[in-house]
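> Give me the fold of what follows.
(chains A and B)
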2 protein chains.
Amino acid sequence: MTNEEILRVTVLNSWKLAINRMVKTLSELSDEQLQQQVAPGRNRVFYLLGHLTATHDRMFPLLGLGDRLHPELDEPYIANPDRVVADPLSATELRQTWSQVNNRLTAAFERFTLEDWLHKHTAVSDEEFVKDPTRNRLAVVINRTSHASYHAGQAALTK
Amino acid sequence: MTNEEILRVTVLNSWKLAINRMVKTLSELSDEQLQQQVAPGRNRVFYLLGHLTATHDRMFPLLGLGDRLHPELDEPYIANPDRVVADPLSATELRQTWSQVNNRLTAAFERFTLEDWLHKHTAVSDEEFVKDPTRNRLAVVINRTSHASYHAGQAALTK
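Below you'll find the predicted structure:
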């Protein structure tokens, strides 16, 4: 393996590890348990799952991978706190959507070369990117990996 | 910046971002609040802080950076669940130890070249590393970054 290949696979493995940790927790929770709050007065696991799905869905345009699949998740799970907007999807549908979004992202990441990883994300202008080339796709994905872990730790409290 | 420099800084920024998220939460909690459980019957924030400090301290030998600073934290915060072994440090001491360990790790990471990042960690044998070169220091640090975020998400529930 070249250094470039090692880097690509290392980053991809970390993304998969974080996603799979959340997947494992979700597989251990019933649809009823998804309605539980992670601590008294805090977000339901259902909300956290909607929030992560919406955040990951936003990566399609952010990383230049095409249009979003589920923009309707922003209003209930990003723009508003939990229990303000009614859940637009059933538990089964939300679980499927979460898988669909992550599977499609992972398939795209599998094809990224090192140059692709270091390409600017779309929320930064060309001028800003010249000044700070760390505003790249790699930074977005590592930070989303951490963000998924942040909420996975919360979701795990309901097991 | 060369691709190598961009990569180095991108990874380092993600590590710092995850650490600083936990630092911010800790700064908002009093010593008394550190004794709170993150959810009923779950770990205290104090335990999570000890656990993260011990896990990060283990990175010194794991990444070939020298001896551990605080091996005494393993017994209460890795080998045992919360409230089995008495806390060996006061809240002030634990906060200082957490900062000391992370500051020293970050200083070492600042000096890593790309070759250093892709060097094998010490828990993998030469033979295993030839078969799987993704068992490198970069994988360890990205995964520890996710692990810190996992528990930071839990600690934030007590704010």
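
> The helix or strand hosting residue A:94 and chain B, any residue contact?
Residue A:94 is part of helix A:91-111 when elements are defined by DSSP states H and E. No - with C-beta under 8 Å from any C-beta of the partner chain as the criterion, chain B is not reached by helix A:91-111; the gap is at least 13.8 Å. No exception for glycine: its C-beta is placed from N, CA and C like everyone else's.

> That helix packs against which elements?
When contacts are defined as 3 or more C-beta pairs under 8 Å, 6 or more residues apart in numbering or on different chains; DSSP states H and E, helix A:91-111 packs onto helix A:3-27, helix A:45-57, helix A:59-62.

> what's the least confident stretch among those helices?
Of all these, mean pLDDT reaches its minimum on helix A:3-27 (a mean of 94).

> Now do the buried residues in the helix holding residue A:94.
Using 16 or more other C-beta atoms under 10 Å in any protein chain shown as the test for burial, helix A:91-111 gives A:91, A:94-95, A:97-98, A:101-102, A:104-105, A:108-109.

> OK, contacts around the residue nearest to residue A:39 when sequence neighbours are not counted?
Among residues not flanking residue A:39 along the chain, residue B:39 sits closest, at 4.1 Å (C-beta to C-beta, 6 or more residues apart in numbering or on different chains). Taking C-beta atoms under 8 Å, 6 or more residues apart in numbering or on different chains, we find residue B:39 in contact with A:38-40, A:157, B:154, B:157.

> Check for me that residue B:39 belongs to a helix.
No - Residue B:39 is assigned coil when assessed by DSSP: H, G, I helix; E, B strand; the rest coil, not a helix.

> Now it: phi and psi?
The phi/psi pair for residue B:39 (degrees, to the nearest 10) reads phi -150, psi 160.

> Distance-wise, check it relative to residue A:92.
Residue B:39 sits 26 Å away from residue A:92, going by C-beta to C-beta, to the nearest Å.

> picking up where we left off before, any chance of the helices and strands packed on helix A:91-111 in a markdown table with mean neighbour count and distance to chain B as columns?
Converted to a markdown table, those look like this (neighbours: other C-beta atoms under 10 Å in any protein chain shown; distance: least, C-beta to the nearest C-beta, whole Å):
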| stretch | mean neighbour count | distance to chain B |
| --- | --- | --- |
| helix A:3-27 | 18 | 4 |
| helix A:45-57 | 23 | 9 |
| helix A:59-62 | 18 | 15 |
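
> Any idea which of the ones you listed gets closest to residue A:147?
Among the helices and strands packed on helix A:91-111, helix A:45-57 comes nearest to residue A:147, with 6.7 Å by C-beta to C-beta.

> chain center to that closest one: distance?
Between the centre of helix A:45-57 and the centre of its host chain there is 7 Å, according to C-alpha atoms, centre = their mean, to the nearest Å.

> tell me the angle that helix makes with helix A:91-111.
Per axes from the mean of the first three to the mean of the last three C-alpha atoms, to 10 degrees, the angle that helix A:45-57 makes with helix A:91-111 is 30 degrees.

> what comes into contact with helix A:45-57?
By C-beta under 8 Å, 6+ apart, helix A:45-57 touches A:22, A:26, A:29, A:33-36, A:38, A:43, A:68-71, A:73-74, A:76-78, A:82-83, A:87, A:89, A:91, A:94-95, A:97-98, A:101-102, A:105, A:144, A:147-148, A:151, A:154-155, A:158.

> Not counting sequence-adjacent ones, nearest residue to residue A:95?
Counting by C-beta to C-beta, 6+ apart, residue A:26 is the residue found nearest to residue A:95 once chain neighbours are left out, at 6.6 Å.

> What are the neighbouring residues in contact with the one you found?
Shown in contact with residue A:26 (C-beta under 8 Å, 6+ apart): A:34, A:45, A:49, A:95, A:98, A:155.

> Tell me the one of the residues you listed nearest residue B:132?
After measuring those against residue B:132 - C-beta to C-beta - the closest member comes out as residue A:98, at 28.9 Å.

> re earlier: ChimeraX command to pick out the buried ones of the contacts of residue B:39?
In ChimeraX, this line selects whichever of these come out buried by 16+ other C-beta under 10 Å:
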select /A:38,39,157 /B:154,157
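
> now for the contacts of residue B:39, which pair is the farthest apart?
A:40 and B:154 (14.0 Å).

> how many neighbours does residue A:123 have?
By other C-beta atoms under 10 Å in any protein chain shown, 12 other residues sit near residue A:123.

> hang on, isn't it packed against residue A:64?
No - Residue A:123 is beyond contact range of residue A:64, at 10.7 Å (criterion: C-beta atoms under 8 Å).

> Spit out the residues that contact the two alike.
Here residue A:123 and residue A:64 have no joint contacts, going by C-beta under 8 Å, 6+ apart.
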